[in-house]
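Colleague: Got a predicted model here, sequence first, then my questions.
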Amino acid sequence: MSFDMGPALLFCPGDRPERFEKAAARADAVILDLEDGVAPDAKAAARDAIAQSRLDPSRTIVRVNGLGDRDADLAAVARSPYRTVMVPKAESAADVAGLGDLEVVALCETARGVVGSEQIAADPRVVALMWGAEDLVASLGGTSSRDTSGAYRSVAMHSRSRVLLAAAAHGKVAIDAIRTDIADLAGCLAEATDAAASGFGAKAAIHPAHVPPIREAFRPTDESVDWAARVLAAATGRGGVFRFEGAMVDEPVLMHARRILARTRHGAKGP
């Protein structure tokens with residue numbers, strides 16, 4: 001299994017079918033939400049709307065509810081063309097069991113979920129892990145994931161890193177959390193730039209205004225693409241460490257170069 005939906009994933013409430021195609025057109029992939037984005041009395045209508053929609057299945061994820069309310073969600077997914085679901089508040093492999101042949105994006109957004117992220121990532125059904133800051137801090141008894149400067153608190157950064165490492169250790173994609181401040185496009189760009197440089201494969205958004213800065217952050221610069229092509233060409237036929245333009249090149253450097261070119265091929269969509 002693989003996950004290559006692109007760097008900008010946009011949430012869309014499941015009870016707003018008039019927004020489905022717009023969201024899908026504006027982002028690399030859309031997350032049709034049946035959980036937090038939908039009021040309890042609107043969930044039945046949201047399930048019907050998702051079941052009747054016809055977006056590109058390779059670019060659509062359905063976020064289902066927790067175990068207590070999941071059966072009706074899965075029945076709706078079975079009626080739809082979609083085969084990737086996001087499981088919220090995943091805390092163990094048991095939380096992603098019973099999903100048949102569906103691919104799973106596990107959302108680790110509680111203390112137990114972060115601690116159990118490696119076990120979750122090891123499950124063959126799981127294709128990606130995402131972390132969530134606000135529910136995480138709430139599960140700790142805290143009141144805010146960020147300090148007065150807008151930066152994540154240390155516990156949030158630790159959790160972010162732990163989920164990223166768990167995903168990478170098992171060859172799964174890591175998805176960075178949403179940024180709740182919709183108006184702060186510069187902050188979104190800085191956060192997405194750090195996510196891309198750290199190894200995240202994508203970042204989620206709750207507003208289409210965040211899609212362009214996320215794409216910009218994940219899109220390699222022309223200079224980096226040129227460097228990657230040249231260093232890989234220079235490595236052809238060589239073994240071990242060599243000198244290139246005054247710098248040492250070894251396998252980790254070549255891995256960075258390959259990643260840059262892979263993003264150019266698969267994730268460099270326009271705004």
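Modeller: That came in fine, so what should we check first? All values reported here derive from a predicted model rather than from experimental measurement.
Colleague: for this protein, what are the low-confidence residue spans?
Modeller: Where the chain drops to pLDDT under 70, the residues are 1-2, 265-271.
Colleague: residue nearest the centroid of it?
Modeller: In the chain, the residue lying closest to the centroid (C-alpha atoms, centre = their mean) is residue 175, at 2.5 Å.
Colleague: Give the helix, strand or coil label for it.
Modeller: On the three-state scheme (DSSP: H, G, I helix; E, B strand; the rest coil), residue 175 is labelled strand.
Colleague: In contact with residue 149: list those residues for me.
Modeller: Contacts for residue 149 (C-beta atoms under 8 Å, 6 or more residues apart in numbering) come out as none. C-beta here means a position set from N, CA and C on the backbone, and glycine is covered the same way.
Colleague: which one is residue 43 nearest to, not counting chain neighbours?
Modeller: Closest residue in space to residue 43, ignoring its immediate chain neighbours: residue 34 at 6.3 Å, by C-beta to C-beta, 6 or more residues apart in numbering.
Colleague: what about the residue nearest to residue 39 when sequence neighbours are not counted, which SS state?
Modeller: Leaving out its chain neighbours, the residue that sits closest to residue 39 by C-beta to C-beta, 6+ apart is residue 15, at 7.6 Å. Here residue 15 is recorded as coil under three-state DSSP.
Colleague: Equivalent analysis for residue 197, please.
Modeller: Reduced to three states by three-state DSSP, residue 197 is helix.
Colleague: Might one say that residue 120 is in contact with residue 89?
Modeller: No. Using C-beta atoms under 8 Å, residue 120 makes no contact with residue 89, being 11.2 Å away.
Colleague: the more surrounded of the two?
Modeller: Taking other C-beta atoms under 10 Å, residue 120 and residue 89 do not tie; residue 120 has more neighbours (29 against 20).
Colleague: The more buried one: helix or strand, and which one exactly?
Modeller: Residue 120 belongs to helix 117-122 when assigned by DSSP states H and E.
Colleague: same deal with residue 127?
Modeller: Per DSSP H and E, residue 127 falls inside strand 126-131.
Colleague: Tell me the first helix or strand C-terminal of that strand.
Modeller: Following strand 126-131 in sequence, per DSSP H and E, is helix 133-140.
Colleague: got the contact list for that next one?
Modeller: Residues outside helix 133-140 that contact it (C-beta under 8 Å, 6+ apart): 89, 109-114, 143-146, 152-153, 155-156, 159-160, 177, 180.
Colleague: mind redoing it with 7 Å?
Modeller: Helix 133-140 is contacted by residues 89, 109-111, 114, 144-145, 152, 155-156, 159, 177, 180 when judged by C-beta atoms under 7 Å, 6 or more residues apart in numbering.
Colleague: now the helices: where do they sit in this protein?
Modeller: For the chain, the helices defined by DSSP state H occupy 20-26, 43-52, 70-79, 111-115, 117-122, 133-140, 154-169, 185-198, 211-218, 222-235, 251-266.
Colleague: and the third one with helix 43-52, angle?
Modeller: With axes from the mean of the first three to the mean of the last three C-alpha atoms, to 10 degrees as the basis, helix 70-79 and helix 43-52 are set at 20 degrees to each other.
Colleague: Not counting its neighbours along the chain, what's nearest residue 90?
Modeller: The shortest distance from residue 90 to any non-neighbouring residue, by C-beta to C-beta, 6+ apart, is to residue 106 (4.0 Å).
Colleague: give me every residue that touches that neighbour.
Modeller: With C-beta under 7 Å, 6+ apart, residue 106 has these contacts: 87, 90, 96, 120, 126, 129.
Colleague: so how far is residue 177 from it?
Modeller: 13 Å (C-beta to C-beta, to the nearest Å).
Colleague: again with residue 69
Modeller: Distance of residue 69 to residue 177, given as C-beta to C-beta: 23 Å.
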